[in-house]
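Asks: Provided below for reference: sequence and predicted model.
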Amino acid sequence: MPVLNRAAEMQETVAGWRRHIHENPELLYDVHETAAFVADKLKSFGCDTVETGIGRTGVVGIIKGKHGDGPVVGFRADMDALPIFETSGKEWASKTPGKAHSCGHDGHTAMLLGAAQYLAETRNFKGSVAVIFQPAEEGGAGALAMINDGFMDKYAINQVYGMHNEPKLPVGEFATRKGGVMAAADTFEITVNGRGSHAAQPHRSIDPVVASAHIIIALQSIVSRETDPLKSLVVTVATTHGGEASNVIADFVKLTGTVRTLLPETRDLAEKRLTEIAQGTAIAHGATAEVNYRRGYPVTFNHDAETDFAASVAAKVAGERAVDTGMAPHMGAEDFSYMLEKRPGAFIFIGNGDTANLHNAAYDFNDEALPYGISYWVTLAETSLAV
């Protein structure tokens with residue numbers, strides 16, 4: 001079954017919604033205008049329930065099928081933008097300097113709204129569909145905030161599915177995989193404490209700059225010498241801050257960075273060894289190191305049966321050859337992971353074509369992908385809740 005005729009007919013309208021959201025980006029939980037726009041649309045479609053304020057600014061709409069009671073399946077889209085100055089040059093570019101939909105959440109929201117309208121019109125299924133619009137995916141754990149507000153139990157959601165656009169994947173194609181599809185994302189801060197002095201008298205100091213340099217190099221041995229090469233791990237020291245004058249050895253240096261993993265045991269190893277190496281290397285140079293390691297989003301883990309099902313649905317929309325079920329996992333992170341910890345489900349990628357990469361100032365969502373995303377959501381609903 002190709003793209004649904006109705007989804008193709010809706011493209012221009014849904015693109016208008018998408019571009020409106022794109023012009024008016026909001027960050028983290030401060031998505032009040034976007035959430036109001038979503039809620040108004042869901043009400044106008046005739047959703048049976050529209051609840052706002054979940055996880056502070058999340059929105060959930062419930063659409064009941066016309067064939068009686070049955071299970072409830074949840075579909076999730078994210079609404080927040082990024083703190084980026086957009087350079088796409090589009091007519092609908094961000095009107096707010098320093099904020100931009102450079103990850104395509106505007107497209108995710110628009111596709112799910114299009115599907116909600118279609119499903120509210122047809123209701124050709126047994127059970128209910130929960131359309132979930134969450135804030136604060138970009139580092140704010142909005143999915144967890146919504147879960148903590150109890151919406152999954154309140155609406156008895158049995159399964160949950162998510163979707164993200166993928167630049168360079170051709171429009172009309174999908175990709176997914178079983179197991180870890182996106183990485184866990186942890187952050188760390190290492191403060192290397194030494195003793196400052198005049199830069200011309202290094203012997204009077206305990207130089208935290210030298211110690212931190214050795215720590216930065218030593219941390220890479222966690223990846224190269226302590227981790228199975230087949231078990232993905234990234235350890236990145238992203239910033240170093242220490243001192244202000246070229247003729248003064250500072251008292252301390254602060255390092256910050258991230259750790260990305262796909263397996264719990266690799267995550268545990270990385271946390272343990274990062275702390276030991278930082279502190280041990282500092283001591284070897286006469287300094288000390290304080291380590292603050294913070295666990296962030298968990299691994300986005302696709303469940304086997306639900307991944308097979310999602311792939312089969314995508315194949316109905318795009319054809320079997322247009323669905324990659326063995327994609328390499330992304331080492332980026334995604335807070336849909338929290339929903340997959342609570343319910344079985346799957347996360348899938350939809351092609352955005354030859355566009356700028358995600359989190360790039362020149363990025364824009366490709367509106368040609370809209371009918372494919374709408375068709376995927378609708379087919380997923382009607383197949384999982386078949387009469």
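Replies: Happy to help now that I have it.

Asks: any idea which residue sits dead centre in this protein?
Replies: residue 334 (2.8 Å; Cα atoms, centre = their mean).

Asks: Can you check what pLDDT the model gives it?
Replies: If you check residue 334, the pLDDT there is 97.

Asks: before we move on, what about the one 3 residues further on?
Replies: The predicted local distance difference test score for residue 337 is 98.

Asks: do the same with residue 271
Replies: Taking residue 271 on its own, its pLDDT is 98.

Asks: For the stretch 101-250 of the chain, just list every one of the helices.
Replies: 105-122, 142-148, 151-154, 208-219, 221-226 (DSSP state H, counting those that start in this stretch).

Asks: Tell me which other helices or strands the first one touches.
Replies: Where contact means 3 or more Cβ pairs under 8 Å, 6 or more residues apart in numbering; DSSP states H and E, helix 105-122 is packed against helix 5-23, helix 32-45, strand 58-64, strand 72-78, strand 128-134, strand 157-167, helix 370-384. In this view, the C-beta of every residue, glycine as well, is placed from N, C-alpha and C.

Asks: Now it - C-alpha only, CSV.
Replies: Taking C-alpha atoms only, helix 105-122 is exported to CSV below (Å, rounded to 0.1, in the frame of the first residue of the first chain):
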residue,chain,number,x,y,z
HIS,A,105,10.5,18.7,15.7
ASP,A,106,8.2,21.1,13.8
GLY,A,107,7.9,18.3,11.1
HIS,A,108,7.4,15.6,13.7
THR,A,109,4.5,17.6,15.3
ALA,A,110,2.9,18.4,12.0
MET,A,111,3.0,14.8,10.8
LEU,A,112,1.3,13.6,13.9
LEU,A,113,-1.3,16.3,13.8
GLY,A,114,-2.0,15.3,10.2
ALA,A,115,-2.4,11.7,11.3
ALA,A,116,-4.6,12.8,14.2
GLN,A,117,-6.9,14.6,11.8
TYR,A,118,-7.2,11.6,9.5
LEU,A,119,-7.8,9.1,12.3
ALA,A,120,-10.4,11.4,13.9
GLU,A,121,-12.2,11.6,10.6
THR,A,122,-12.2,7.9,9.8
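
Asks: what's the angle from it to helix 370-384?
Replies: 50 degrees (axes from the mean of the first three to the mean of the last three Cα atoms, to 10 degrees).

Asks: Report the buried residues of helix 105-122.
Replies: Neighbour-count burial for helix 105-122 flags 105-120 (criterion: 16 or more other Cβ atoms under 10 Å).
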